[in-house]
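In: Prediction below, plus the sequence it came from.
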Amino acid sequence: MTKRDFLAMEEWSPEQIDGLLALARRCKRGEISGGMAKKVLAMVFMDPSLRTRASMETAMFLHGGHALCLEPGKGSWTLETDVDAVMDGTSVEHIIEAARVLSRYADALAVRVFPKGTDWAVERHDETIRNFARYSDKPVINLESSRRHPCQGLADALTLEEHLGETHGKRFVLMWAWHPKALPTAVPASAAIAAAHLGMNVTIARPAGYDLDPDDYTAIGDLASRRGGSLQITDDVDGAVDGAHAIYPKSWGSLAHFGKPDAERAGRDGKRDWRLTMDRMRRTAGGKGIAMHCLPVRRNVEMDGAVLDSPQSAVIDEAENRLHVQRAVLLELIGSH
Amino acid sequence: MTKRDFLAMEEWSPEQIDGLLALARRCKRGEISGGMAKKVLAMVFMDPSLRTRASMETAMFLHGGHALCLEPGKGSWTLETDVDAVMDGTSVEHIIEAARVLSRYADALAVRVFPKGTDWAVERHDETIRNFARYSDKPVINLESSRRHPCQGLADALTLEEHLGETHGKRFVLMWAWHPKALPTAVPASAAIAAAHLGMNVTIARPAGYDLDPDDYTAIGDLASRRGGSLQITDDVDGAVDGAHAIYPKSWGSLAHFGKPDAERAGRDGKRDWRLTMDRMRRTAGGKGIAMHCLPVRRNVEMDGAVLDSPQSAVIDEAENRLHVQRAVLLELIGSH
Amino acid sequence: MTKRDFLAMEEWSPEQIDGLLALARRCKRGEISGGMAKKVLAMVFMDPSLRTRASMETAMFLHGGHALCLEPGKGSWTLETDVDAVMDGTSVEHIIEAARVLSRYADALAVRVFPKGTDWAVERHDETIRNFARYSDKPVINLESSRRHPCQGLADALTLEEHLGETHGKRFVLMWAWHPKALPTAVPASAAIAAAHLGMNVTIARPAGYDLDPDDYTAIGDLASRRGGSLQITDDVDGAVDGAHAIYPKSWGSLAHFGKPDAERAGRDGKRDWRLTMDRMRRTAGGKGIAMHCLPVRRNVEMDGAVLDSPQSAVIDEAENRLHVQRAVLLELIGSH
């Protein structure tokens, strides 16, 4: 049997994703205990984390397993990612060896690696997470790569189902938000894929110049129509939030200026009103739409504190659901259930 | 039932503190096993730790639970503490969200946050630890805040009881010591509160200008008299150590110069003889008084190596007792016993 | 009973080492489970790690125990190593207190400390790891000190036995390799000691000026002859690899220039052909000798990627064996088996 990786939601069949969501709901209801005794997950964090680390470690523990946490460049060796490198510089260990070695100690690997380069034409291939998967004999779980954050996407899907009940035909708005830094597109792409999986009518509201990668639009649009939903792109944020059932404000940097911070920053100037306010929340469906976010969120910048503290905020449930969907992913890949 | 936090010893009743100490003694004697299966403690360290981290993690493990360790600004996101912040600077996540999210994964939170500001009038309100408690649905344990280190205080109390037997009416000297840096007042205040809880006659020997916060003096003095002891403040260090049963040398910065390192340093100059030497140990009660310290200690600066290595040193027992009192706190807050 | 430490392979008797290797093989075959319930290992990493941390933590977990991981100067306090220091500088805690305190929380300590000084006459005494052992009441395991890496040595021995079968009289070549930095000698000395333990004919191929410490040569040579093997030193790398059964390319800095990076670097210039290539692998015994390395390895610098990716590479097995030999060491020191 070939090993399975969990690198992107759309690489698993919709039936498999529905199976994970069903298993996550059973975990959340307390129906599944054990299943990972003596199992070890090796996590490699090439970038910071609060929820991901805490929820993966908790997930392993709750089912009898253990999560290792390695931080290359901090407590662990700096990792080289170029497969052909002549390593006479500052990188001490190659991801090829790291992946091979960790797959001898652990039953699965989980890797976080944000885009680091200056060329989107290169970064868009998501080579580092894919090389981890290539060189590991054990399943690899993506904890956010250049292109995808599938554990977040699963949590988003579970949260939408819990808060909206029937999701087919309801309106999900991915709303670009201003932020002091140019952030990656993995989360917005994954959130829109999650909503598309649920058959929602997905609107992406973003200023001109802030399109996701064309392949993301294709993935979102294709999945949405297969599942009975649709995809629309607009720069009319207020029109988009009108009657929305869920709004997911999220910042990302312009791919046109990827790796050019000054040009990218200039493009963001003057867009601070791309922010989720209570005024906008009142314009949602019945005034009762939900506000979502992957967290961490910049309070009063991406989203007002008033929204985050209101009953319409689903962000804490969404964070909690990271735990339950990851329990499902882990049980499916390396556990028994 | 409202959740309980453990933020300061004096916020629990003396009977509750005695209960914790009794439970800690039972833990130390090996009479309590289990009680925290599937329980998770989320620790947030905004400042370094050796004993606290190692003993909390061990405490959870010994009773079947698990401790997560998050380090904001290192492996985890930099945390914003100002509740009204417009987060367009460098802080990535707000403690409000951190507290809410972690209380979904964990059964209790434990937080270390040293004073960071430059204004004691602000820092003295201990807002960050209190906000963690406010925004967490689960019990919060203080692992040292601007004002208190109650787990250390409990360990100090247990150590005093073990070494002195009857503590009522015996003399506890909190002795200011020179140190190359201006340190917080949380430990000295908590140690004096612990001695006051035991009904000891507490002497605080410090140079002029090195008073603890007036509220600390009130808390220590009030508790001491309720418990049959007393509080005295003096600048006569040699007089203070004469006949003492326990000496606790500890450095802290002048609150009058809080946040002004140059002025504060000038005040410390010429005070290097505020140091616990064997000469001073020989002047204790029967020449057999004990030397205490929370650790880490600057050898030959706060306390001579000869004192630390002598049979009169109780510092290693005191450190070990951190483990046992924390087992008691955890079992009381989230375990069964 | 006096406590036992594991600081250097040659400090245990050959029979004890053979016992550890036999126990490691049983662990690897899955014949030993449990044995460390409620046992705690406190690891102190004064330098980075991937394999050591991951494999020790996994070893403890697989047998029911728990490993703490402290990183002085990162999440934990900066440690002072000079036993007589007047600590008025930047070091916050002394290793004396750290060792004493951790031996109260944990059943064993494990310490990594690379050479830090500028004087080999001082560093060669391996004082820091030996002081940890001196001040700890519990067994101390060396996770690589200035002079030795005995867990690596054990893993090297197990790997040689697995790949070569009968090792007596076979040829082991420790081959100096170029590297952009001056590395310590602990690994090459420990690898040669491991091969000597197995009765192999050990050749150390290194350029003039790159001798190991004379005491290392004595330890390797004495052990080799006691065990029926031999030791040869040469600067003819190609002659050395001819007919070798195992080649262990490894870089180390010139001890003659220890602590003088510029002079040391000048000595390394022009030696980049000291590198393990497929050409050299083809000259091994029957063209089938194995390539070994402790990892991390600089790809295409110490060893070509082609060698690392070939069937002759034993480096991943060697890394896996770290786990099994450490399970044996831990079970022997603090477990039941």
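Out: That came through, no problem.

In: mind checking the backbone torsions on the residue of the stretch 51-200 of chain A found nearest chain B?
Out: Here the stretch 51-200 of chain A gets closest to chain B at one residue, residue A:61, 4.3 Å apart by Cβ to the nearest Cβ. From N, CA and C alone the C-beta is placed, and that goes for glycine too. The phi and psi values for residue A:61, taken as degrees, to the nearest 10, are phi -60, psi -40.

In: Spatially, which residue comes closest to the residue in chain A that chain B sits nearest to, not counting chain neighbours?
Out: Closest residue of chain A to chain B, Cβ to the nearest Cβ: residue A:296 (3.4 Å). Among residues not flanking residue A:296 along the chain, residue B:93 sits closest, at 3.4 Å (Cβ to Cβ, 6 or more residues apart in numbering or on different chains).

In: Show me the strands in chain A, by range?
Out: A:40-45, A:66-70, A:79-80, A:93-94, A:108-112, A:140-142, A:171-176, A:201-205, A:230-234, A:246-250, A:290-291 (DSSP state E).

In: The fifth one vs chain C: in contact?
Out: What that stands for is strand A:108-112. No - using Cβ under 8 Å from any Cβ of the partner chain, strand A:108-112 stays clear of chain C, coming no nearer than 10.7 Å.

In: How about that strand and chain B, touching?
Out: No - applying Cβ under 8 Å from any Cβ, one finds strand A:108-112 separated from chain B by no less than 10.4 Å.

In: Report the angle between that strand and strand A:40-45.
Out: 10 degrees (axes from the mean of the first three to the mean of the last three Cα atoms, to 10 degrees).

In: Can you pull out the low-pLDDT segments for the stretch 101-250 of chain A?
Out: The stretch 101-250 of chain A contains no residues with pLDDT under 70.

In: Closest residue of it to chain C?
Out: Closest point on the stretch 101-250 of chain A to chain C, by Cβ to the nearest Cβ, is residue A:104, at 3.9 Å.

In: Next up, the contacts around the nearest residue to residue A:39 once chain neighbours are set aside.
Out: Setting aside the residues directly before and after it, residue A:39 is nearest to residue A:65 in space (Cβ to Cβ, 6+ apart), at 3.9 Å. Counting by Cβ atoms under 8 Å, 6 or more residues apart in numbering or on different chains, residue A:65 makes contact with A:36, A:37, A:38, A:39, A:40, A:41, A:107, A:330, A:334, A:335.

In: I figured the third one was touching residue C:62, is that so?
Out: Yes - the pair residue A:38 and residue C:62 passes the contact test of Cβ atoms under 8 Å, sitting 6.1 Å apart.

In: So these two - more neighbours on which side?
Out: Ranked by neighbour count (other Cβ atoms under 10 Å in any protein chain shown), residue A:38 and residue C:62 place residue C:62 first, with 21 against 14.

In: surely the more buried one meets residue C:327?
Out: Yes - counting by Cβ under 8 Å, residue C:62 touches residue C:327, with 6.8 Å between them.

In: Need the per-residue pLDDT for the residue of the stretch 51-200 of chain A closest to chain B.
Out: Among the per-residue scores, residue A:61 shows a pLDDT of 98.

In: Ok, residue A:1 next?
Out: At residue A:1, pLDDT is 53.

In: now stretch A:246-258: how far from the chain's centre is it?
Out: 13 Å (Cα atoms, centre = their mean, to the nearest Å).

In: residue contacts, residue A:332?
Out: A:19, A:20, A:23.

In: what about the closest residue to chain C within the stretch 201-337 of chain A, how many neighbours?
Out: Nearest residue of the stretch 201-337 of chain A to chain C (Cβ to the nearest Cβ) works out as residue A:334 at 14.1 Å. Residues near residue A:334, counting by other Cβ under 10 Å, number 22.

In: tally of neighbours for the spatially closest residue to residue A:147 that is not a sequence neighbour?
Out: Spatially, and ignoring its direct neighbours in sequence, residue A:147 is nearest to residue A:126 (4.5 Å; Cβ to Cβ, 6+ apart). Using other Cβ under 10 Å, residue A:126 is surrounded by 19 other residues.

In: tell me the contacts of residue A:126?
Out: A:7, A:145, A:146, A:147, A:148.

In: circling back: in TSV, list the strands of chain A along with mean neighbour count.
Out: Shown next, in TSV, are those (neighbours: other Cβ atoms under 10 Å in any protein chain shown):
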stretch	mean neighbour count
strand A:40-45	25
strand A:66-70	24
strand A:79-80	24
strand A:93-94	25
strand A:108-112	27
strand A:140-142	27
strand A:171-176	27
strand A:201-205	24
strand A:230-234	16
strand A:246-250	28
strand A:290-291	26
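
In: how about residue A:277, what does it touch?
Out: Contacts of residue A:277 by Cβ under 8 Å, 6+ apart are A:304, A:306, A:307.

In: what is the residue in the stretch 51-200 of chain A that chain C sits nearest to paired to in the beta sheet?
Out: Nearest residue of the stretch 51-200 of chain A to chain C: residue A:93, at 3.4 Å (Cβ to the nearest Cβ). On the basis of DSSP bridges, residue A:93 is bridged to residue A:79.

In: just how off-centre is whichever helix in chain A runs longest within its chain?
Out: Determined from DSSP state H, the single longest helix within chain A is helix A:315-334. Computed by Cα atoms, centre = their mean, the chain-centroid distance of helix A:315-334 equals 12 Å.

In: If you compare the directions of that helix and strand A:66-70, what angle comes out?
Out: 110 degrees.

In: What's the mean pLDDT across helix A:315-334?
Out: 98.

In: got the residues of chain A near chain B?
Out: Close to chain B, as judged by Cβ under 8 Å from any Cβ, chain A has residues A:45, A:48-51, A:53-55, A:57-58, A:61-62, A:69, A:71, A:74, A:180, A:295-301, A:305, A:308-309, A:315-316, A:319-320, A:323.

In: Could you rerun that using 7 Å?
Out: A:45, A:48-51, A:54-55, A:57-58, A:61-62, A:71, A:74, A:180, A:295-301, A:316, A:319-320, A:323 (Cβ under 7 Å from any Cβ of the partner chain).

In: Now which of those residues would you call buried?
Out: Buried residues within these, counting neighbours by 16 or more other Cβ atoms under 10 Å in any protein chain shown: A:45, A:48-51, A:54-55, A:57-58, A:61-62, A:71, A:74, A:295-301, A:316, A:319-320, A:323.

In: related to what we said a few turns ago, give me the pLDDT value at the residue nearest to residue A:296.
Out: 97.

In: And residue A:261, by the same measure?
Out: 89.

In: The residue nearest to residue A:260 when sequence neighbours are not counted - how many residues pack around it?
Out: The shortest distance from residue A:260 to any non-neighbouring residue, by Cβ to Cβ, 6+ apart, is to residue A:118 (7.4 Å). Using other Cβ under 10 Å, residue A:118 has 11 neighbouring residues.
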